[in-house]
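[1] take a look and give me a structure for this.
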Amino acid sequence: MNKIAFLGSKEVGYSALNYLLNNAVKLDIELVAVISNDRKLNSTDKSVIQLAKSNNIQILNSADELSKVPEIDFLISVQYHEILLQKHIDYAKKLAINLHMAPLPEYRGCNQFSFAIIDDAKEFGTTLHVLESGIDSGAILFESRFPLSSTETVSTLHQKTTQKSISLFKDSISDILTGNYTTKSQKSFYNLRPQNFHLRSEINDIKQIDLSWDEEKIDRYVRATYFPPFPAPFVIIDGQNVELSLNWKEEIINPPLSPSSKGELKK
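    Got it, this is the predicted structure:
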């Protein structure tokens, strides 16, 4: 029986852990530890920690505490909030894996939904890959890709990717646990796929909209960054930040912006 340490949060983390628990006998696994900061995007998101507690699974406070667990065969990370060091990864005797909600190597790092829309990408995806000490750099195990629409917003893309990620996890985890896979180095795709890496802090820069941009570019950046409850994209008018929504055209034509502040958008 394989011993599993699970690290994760949000809807996709809850769904993955719940699947493991509901299929523990079939998968021949035992959940021996869970680490989560219980991050939630919506008030309706369920708690990973409460799920672990209700199933009498040991809850750890940090990855450093994995040393307290006598035996770990697989370490499974699904939307975990910290970068794991090699010493953490090495606690897994067989394999450590991560579910990255973006295609690799195109979108390593953070805010991948926003940058895919800004890049006018034609497809997106989600990836299960081997955990390495680098960020989202390990070999690809399984992936799922799908087309992006020309009107995609960060909200709709996040929803689609969440569901695709849950399905990918459910469809692939048995093969991962039984070794029924072939790893593919991300470097093997470098001639076929672009490589990008984005830091969490970059989101602040792309939220500032310039009204001198053409309408298509403004629309793309707003669709890429308007994601309640997070801070909205904005323009600077008379020294003040004015937030925009998906109805940005109406917001820059009608009050509260003064006629002198509207400017001329390029057609």
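[2] what residue is smack in the middle of the protein?
    Centroid-nearest residue in the chain: Met101, 4.1 Å away (criterion: C-alpha atoms, centre = their mean).
[3] that residue contacts Ser165, correct?
    Yes: contact criterion C-beta atoms under 8 Å: Met101 and Ser165 qualify, at 5.2 Å. Quick note: C-beta positions are derived from backbone N, CA and C, even for glycine.
[4] next one: the nearest residue to Leu95 once chain neighbours are set aside relative to Leu246, how far apart?
    Excluding the flanking residues, the one nearest Leu95 by C-beta to C-beta, 6 or more residues apart in numbering is Phe74, at 5.6 Å. Phe74 sits 41 Å away from Leu246, going by C-beta to C-beta, to the nearest Å.
[5] okay, those two: which has more neighbours?
    Using other C-beta atoms under 10 Å as the criterion, Phe74 and Leu246 rank with Phe74 on top: 20 against 16.
[6] which residues sit in contact with that one?
    Contacts for Phe74 were tallied using C-beta atoms under 8 Å, 6 or more residues apart in numbering; they are Asn2, Lys3, Ile4, Ala5, Ile29, Ala92, Lys94, Leu95, Ala96, Ile97, Ile176, Leu177.
[7] all strands of the stretch 51-200 of the chain, in order?
    Secondary structure of the stretch 51-200 of the chain (DSSP state E, counting those that start in this stretch): strands located at 59-60, 74-78, 95-100, 108-109, 123-130, 140-147, 197-198.
[8] pick the most deeply packed of those.
    strand 74-78 (a mean of 26; mean count of other C-beta atoms under 10 Å).
[9] list the strands paired with that strand, with their directions.
    Next to strand 74-78 in the sheet, as set by DSSP bridges, lie strand 2-8 (parallel), strand 95-100 (parallel).
[10] what sits up against the longest one?
    Strand 2-8 has contacts (C-beta under 8 Å, 6+ apart) with 14, 16-17, 20, 27-36, 48, 52, 63, 66, 69, 71-80, 84, 91-92, 94, 177.
[11] among the residues you listed, name the ones in helices.
    Tyr14, Ala16, Leu17, Leu20, Leu27, Val48, Ala52, Leu177 (DSSP state H).
[12] and those residues, which is closest to Ser201?
    The closest of those to Ser201 turns out to be Val48 (C-beta to C-beta; 25.8 Å).
[13] just checking, that closest one touches Leu17?
    Yes: contact criterion C-beta under 8 Å: Val48 and Leu17 qualify, at 5.9 Å.
[14] common neighbours of those two, please.
    Joint contacts of Val48 and Leu17 (C-beta under 8 Å, 6+ apart) are Gly8, Val34.
[15] okay, those two: which has more neighbours?
    Val48 (30 against 27).
[16] not counting its neighbours along the chain, what's nearest the more buried one?
    In space, and not counting its chain neighbours, Val48 is closest to Ser36: 4.0 Å by C-beta to C-beta, 6+ apart.
[17] hmm, that neighbour is touching Ala16, no?
    No: applying C-beta under 8 Å as the test, Ser36 and Ala16 come out as separate, 11.3 Å apart.
[18] ok, the spatially closest residue to Val69 that is not a sequence neighbour to Lys94 distance?
    Among residues not flanking Val69 along the chain, Ala33 sits closest, at 4.9 Å (C-beta to C-beta, 6+ apart). Here Ala33 is placed at a distance of 15 Å from Lys94 (C-beta to C-beta).
[19] higher neighbour count, these two?
    Set Ala33 next to Lys94 and count neighbours by other C-beta under 10 Å: Ala33 wins out with 21 against 13.
[20] so who does Leu85 touch?
    With C-beta under 8 Å, 6+ apart, Leu85 has these contacts: Ala63, Ser133.
[21] so what pLDDT did it get?
    If you check Leu85, the pLDDT there is 93.
[22] that one and Val34, how far apart?
    Relative to Val34, and taking C-beta to C-beta, Leu85 is found at 19 Å.
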